[in-house]
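Asker: Just a sequence and a predicted model for now, questions to come.
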Amino acid sequence: MPHDPLSRASQAYKLGQYELCHHECLAILKTSPLEFGAILYDGFAEMALRRFPFAKSRFAQAVKLQPTSVEAQVALATALFALKEIAAAKEVGMAAINLNPFDLEVRENIAEQVLHAGDLDFALQQYQDILDLNPNAASALRRIAEIHTKLGRFKEAKESWMGLIDIDDKSMVAHLQLGNLEILQNNLEGAKIWAKKALELSHESVEANLLAGLANSGSGYGADATGYFRKVVAMVPMHPIGNASLGLALQEQGDFERANDHLRRSLKVWPNNGMAYYGLARSAKQKDDLLAQSIRQALKHPAAQVLDLSYMHYALGKCSEDLTDYQAAFSHYKQANELAFEFWFSKRPFHHERHQQTVTQAIETFKRLKGSRGRLRIEQTQSPSPVFIIGMIRSGTTLLDQIISSHPLVSAAGEITYWHDNAAKLIAPKDGEATQETLDNLAERYLQFIQEFADGKPFVTDKLPNNYELAGLIHLALPQAKFVHIKRHPLDNCLSIFSTAYQRPPAFANRQADIVFVYKQYERIMSFWREVIPSSQLLEVQYENLTTNQEEETKRIIQFLQLPWDETCLSPELNKRSVHTPSTWQVRQPVYRSSVSRWKKFEPWLEEFRSLAEGSKFLS
C-alpha cells in the first residue's frame, strides 16, 4: 500500500474501493482543505457511489480552485448530467471544450452525455464539430447517422452511414443500419441488397441473418424469411427479435401453434415486446382476460418504448373487442394510434394537398395518354397474365387474393410495389412527359419481373391494394390485364384501418381525419377509372356480397378471369401460401360475416368517420 495518502486514495479508487478512497480523501482534506487532487478524487468516489449532489459540490470546488482544469470541468459536467441539470451541464461542458478545442476525447465525452440526456440537436452539433476536426472519426460519424435516424432524417442518416463505409468498407454496423433504414422506409428490395452485402461480410452474423429475414418478410419471399429467422434462433435460441420474427412469419404460414411458442419465448427475454403480444392477440379470438392481464402488466415496464406501447394497446383493443367491451377496445385503439403516430409521423405528418395532387396528376396523365395503348401483348411473351387486386387497404383484398390464388392455374405474388416504385416515371417524370415508350418499357420490365412468382402457372395475382391509384395508367401499359376491385362499407373499412397494427403504417392510417380524406380521394379516382377502364377488364366486388353469397360471387370472379371453375376457390382458408398482411388469422378461417357492420359496435366513438355514412358511391 503506498505511503502517500493521495496515492492510497488513487489506488483505492482504481481498485473499486470507493468508500476507502472517500475516507482517505477526507483525511487529507482535514489537514489540507484546498488539496486539489484529494478534492477531485473524493468527487470521483462520490460519483461511483452515486452520491451525485456531494460529487457536484466537490467538482465545483475543484473548478473554483483550478478553473483551467479540463478534467475538473468535465467531471463537474458529468455530475450535473447525472442530476438532470442539463442546461448547467451543457454550459460547463462547453467551457471544458473551449479550454482545449482540439481535444477530441473531451468533445466526444460531452457529446455522449448530451446525447444520453436526450438533446439530439446539441449532441449532433458536437459530433459534427468532431468530424470537422477529423473527417475519419468513425465513432462520431456513426453517432451522427444514429441521431439523424432518430430524428427521422433518413436521407442524412443514409449519407452518414455511406460515409462510414467510405472509411471502412467492411463496417458491419453500417451495412446493417443501411438495411434497417430501407426497412423503415418500406423499401424491402433495398433492404435485401444491404442484407446480402452484410451476409457476404459474415454468413454467420446473427444480425445480418436477422436483417435478411426482415427484408424478405412481406416481399413475396416468406419461405426465405422463415429460413433466415430459423438460423438466427438456431445460433441464439432465446434471441428476442429472432423468436418474435419467426413467430410472426409462422403465423403468416398458418402455423399458429409453433408461432405462439416462439412469440412466448421472445417475451421471456423481452417482456415488453409489444409486437409479440399483438401477435398472440391476433392468433385467435380471446375467450378470457388472461392475455390482457399480462399485457396490462407489461405496459408498466419502465423500458417499454413508444412503439412497443403502441402494439400493446392494439393487442388490448383486440382482446377487449373479443370480450365485447367495445368502449375499452376503442379507447385502446385510439391510444395505439396516437403512439404509432408519435413514433412514425410526428415529424412528418400526412399532407392532404400532396396526396390530392398525386390523384389529380394520375387522372390528368391518363387523359393525356388515353390515345396510347401498350403494344406488348402478354401472350407473345413468356410471362403469366397479371391479375391486379385493388381497393382501399383493409377492404378485403387479402380474402379476394386467397380465393383467386386457390385456383390451380393461379399463383400469388403478394403485394408488389413495382408500379408505385415507378409512379414518378408516369405522373411526374423529371425529363418530360410520359410517352408510349414509357408505357412499353414499364410493361416489359413488369412482365419479366412477375415471372419469378408464376411457379409455372399462367396467371399471377398482384395484390397491392393501393394500385388503385394507378389502375388506369397500368391499364394503358397492359391493356389485356385484369383488375378486380373489392369495395366495402366505408365505415367498416375505415374502422378496420384505424384498429389494425402495421409493421409500418401507411402515413394516413393513425388519424381519423386523414383516413377520411384518403378514402374520399379513393372514391374520387375509382369513380374516374370506372368510366375509362372497360368492364371486360375491371370487375367490382362488394365485400358484403362476397361474404353473404360466397359461391355466387366467387363464380362471377372466376368467370370474369376466363378461368375454368374449380371448387378449391370456395375454400380459401385451405390456401397454404404465406400471407404478409395483418389478416394472417382471418384468412385461415372459412369465409365469415362477423366483420360486416362491425362499425355499429363502435358507433358512439367514430367521430369523423360518420361523414362517410351517407351517399357513398360504393354502397350497394
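Answerer: Received it, and whenever you're ready, just let me know what you need.
Asker: how much space between residue 194 and residue 52?
Answerer: 42 Å (CB to CB, to the nearest Å). For every residue, glycine as well, the C-beta is placed using N, CA and C.
Asker: Out of those two, name the residue with the larger neighbour count.
Answerer: Per other CB atoms under 10 Å, whichever of residue 194 and residue 52 has more neighbours is residue 194, with 24 against 18.
Asker: which non-adjacent residue is nearest the more buried one?
Answerer: Nearest-residue entry for residue 194: residue 179, 3.4 Å, with adjacent residues in sequence omitted and distances by CB to CB, 6 or more residues apart in numbering.
Asker: in what helix or strand does the one you found lie?
Answerer: Secondary structure from DSSP states H and E places residue 179 in helix 172-184.
Asker: Using CSV, list the CA coordinates for that helix.
Answerer: C-alpha atoms of helix 172-184 as CSV (Å, rounded to 0.1, in the frame of the first residue of the first chain):
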residue,chain,number,x,y,z
MET,A,172,-20.9,-4.5,-40.5
VAL,A,173,-22.9,-1.9,-38.4
ALA,A,174,-23.0,0.4,-41.4
HIS,A,175,-24.3,-2.3,-43.7
LEU,A,176,-26.9,-3.4,-41.2
GLN,A,177,-28.1,0.1,-40.4
LEU,A,178,-28.4,0.9,-44.1
GLY,A,179,-30.6,-2.1,-44.5
ASN,A,180,-32.7,-1.1,-41.4
LEU,A,181,-33.1,2.4,-42.9
GLU,A,182,-34.6,0.8,-46.1
ILE,A,183,-37.0,-1.2,-44.0
LEU,A,184,-38.0,1.9,-42.1
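Asker: Just give me the neighbour total for the residue nearest to residue 194.
Answerer: Residue 179 has 29 neighbouring residues, counting by other CB under 10 Å.
Asker: for residue 601, same thing?
Answerer: Around residue 601 there are 15 residues (other CB under 10 Å).
Asker: follow-up on the earlier one: contact partners of the next helix or strand after the helix holding residue 179?
Answerer: Per DSSP H and E, the first helix or strand lying C-terminal to helix 172-184 is helix 188-201. With contact meaning CB atoms under 8 Å, 6 or more residues apart in numbering, helix 188-201 is reached by 170, 172, 175-176, 178-180, 182-183, 205, 207-209, 211-212, 214-216, 218-219, 417, 421.
Asker: just to revisit the earlier point, in contact with the residue nearest to residue 194, which residues are there?
Answerer: With contacts defined as CB under 8 Å, 6+ apart, residue 179 is in contact with 190-191, 193-195, 198, 211, 215.
Asker: That one and residue 395: what is the separation?
Answerer: Distance from residue 179 to residue 395, by CB to CB: 31 Å.
Asker: The longest helix anywhere in the chain - contacts with which helices or strands?
Answerer: The single longest helix within the chain, with elements called by DSSP state H, is helix 512-532. Secondary-structure packing of helix 512-532 (3 or more CB pairs under 8 Å, 6 or more residues apart in numbering; DSSP states H and E): helix 352-369, helix 471-477, helix 490-498, strand 538-542.
Asker: Other residues contacting it?
Answerer: Contacts of helix 512-532 (CB under 8 Å, 6+ apart): 350, 352, 355-356, 359, 362-363, 366, 370, 392, 468-469, 471-472, 475, 485, 487, 490, 493-494, 497-498, 507-509, 538, 540, 606-609, 611-612, 616-618.
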